[in-house]
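Peer 1: Quick check, what structure comes out for this input:
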Amino acid sequence: MDLSSQDAHTRQSLVRSAVVATGLGGFVLLALASGTAALTGFDRFFILSAIAVYVPAAAVIVVRIRPYHPHARFGAANLITLGRLIITCLLAGLAVEITIASAQVSPLIAWCLLIVAVVGLILDGLDGPVARREGMTSRFGSRFDMEVDALQILVLSIVAFALAKAGWWILLSGLLRYLFVAGSILWPALAGNLPPSWRRKIISGIQGGVLAALLAPIIMPPISTIAAGIALVLLVYSFGIDTLWLARKRENAR
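Peer 2: Model (predicted):
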């Protein structure tokens, strides 16, 4: 088998692995969403919304993994990130349930959802080290992790707003990443590659942690408002630093 045939075989194995992983992930999500709905009394909006978020994300994974993941397997690290995506989809179902279906969230349900969100945050710290330990780091894995982070923050900001933990401005916590991407269309400098940054990782972790903590029934205004405001200021600061760095990079390249 020549090198090109080996590479084609590796690519095919990778796609099959991704299809199996995302397919099993879909069944796990359906089971968890159905079980959660049965226990909480949430209606079909919860289940349908969770699945509606997962299906296009899974499709993107299968389509985009091939050029950016030079390995034959999906990998344990990506499975961990896929688990985080499943958790985020459950939280997305909650966001729809309480904003559109006007469902009431009891203190017990809120505590359980807080635990689920915390599990997602813990998993966020595991995928990178696992990928490095297995020697399976890739551009796909890094982007997959980042996009799940962004989606989780968006969903949690919607939930926090719906639970009246802060004003409408808390939605900016989840929208900043997408506004940044949209801004790159109008200002191509923002589309440049950013170097790794501990500042970015730490502030993102703080943002996710604060928004998850707001699920706790005991955290209410003004405490929740102050905490959300501080986290948002840090996030705006981080995006501001990255914007200035990209602008200077483009200016120096001229």
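
Peer 1: Look up how far Val148 lies from Ile170.
Peer 2: 20 Å (C-beta to C-beta, to the nearest Å). C-betas here are computed from N, CA, C, even on glycine.

Peer 1: can you give me the helices for the protein?
Peer 2: Remark: helices assigned in the chain by DSSP state H are 3-40, 44-68, 76-99, 107-124, 127-134, 139-162, 171-186, 198-213, 223-253.

Peer 1: Name the residues of the first one that are buried.
Peer 2: Of the residues in helix 3-40, those scored as buried under the neighbour-count criterion (16 or more other C-beta atoms under 10 Å) are 11, 14-15, 17-18, 21-22, 25-26, 29, 32-33, 36-37, 40.

Peer 1: mind showing which ranges of the stretch 51-200 of the chain have poor pLDDT?
Peer 2: Within the stretch 51-200 of the chain, no stretch falls below the threshold (pLDDT under 70).

Peer 1: mind redoing it with 90?
Peer 2: 66-67, 69-73, 99-106, 108-109, 112-113, 121, 124-128, 134-136, 181, 183-198 (pLDDT under 90).

Peer 1: For Leu215, give me phi and psi.
Peer 2: When read as degrees, to the nearest 10, the backbone of Leu215 gives phi -70, psi -20.

Peer 1: how many neighbours does the spatially closest residue to it that is not a sequence neighbour have?
Peer 2: Of all residues not flanking Leu215 in the chain, Leu114 sits nearest, at 4.1 Å (C-beta to C-beta, 6 or more residues apart in numbering). Around Leu114 there are 17 other residues, counting by other C-beta atoms under 10 Å.

Peer 1: and Leu114, what does it touch?
Peer 2: 212-213, 215-216 (C-beta atoms under 8 Å, 6 or more residues apart in numbering).

Peer 1: Same check on Ala227?
Peer 2: Applying C-beta under 8 Å, 6+ apart, the residues contacting Ala227 are 210, 213-214, 219.

Peer 1: Among those residues, which one sits closest to Glu251?
Peer 2: Checking those against Glu251 with C-beta to C-beta, the nearest one is Val210 at 34.3 Å.

Peer 1: Could you tell me which of the contacts of Leu114 count as buried?
Peer 2: 212-213, 215-216.

Peer 1: and those residues, which two are the farthest apart?
Peer 2: Longest span within those, C-beta to C-beta: Ala212 and Ala216, 8.7 Å.

Peer 1: Can you give me every residue that contacts Leu29?
Peer 2: 50-51, 54, 86, 89-90.

Peer 1: Give me the pLDDT value at it.
Peer 2: Looking at Leu29, its pLDDT stands at 97.

Peer 1: count of neighbours near the spatially closest residue to it that is not a sequence neighbour?
Peer 2: The spatially closest residue to Leu29, leaving aside those adjacent along the chain, is Ile86, at 4.8 Å (C-beta to C-beta, 6+ apart). Residues lying near Ile86 (other C-beta under 10 Å) number 21.

Peer 1: How about Ile241?
Peer 2: Ile241 has 15 nearby residues by other C-beta under 10 Å.

Peer 1: measure it to Ile203 for me?
Peer 2: Distance from Ile241 to Ile203, by C-beta to C-beta: 10 Å.

Peer 1: got it, and Leu179?
Peer 2: Leu179 is 16 Å from Ile203, by C-beta to C-beta.

Peer 1: Compare the two (neighbour count), which wins?
Peer 2: With neighbours defined as other C-beta under 10 Å, Leu179 and Ile203 compare such that Ile203 has more, 20 against 11.

Peer 1: wait, what's in contact with the more buried one?
Peer 2: Ile203 touches 234-235, 237-238, counting by C-beta under 8 Å, 6+ apart.
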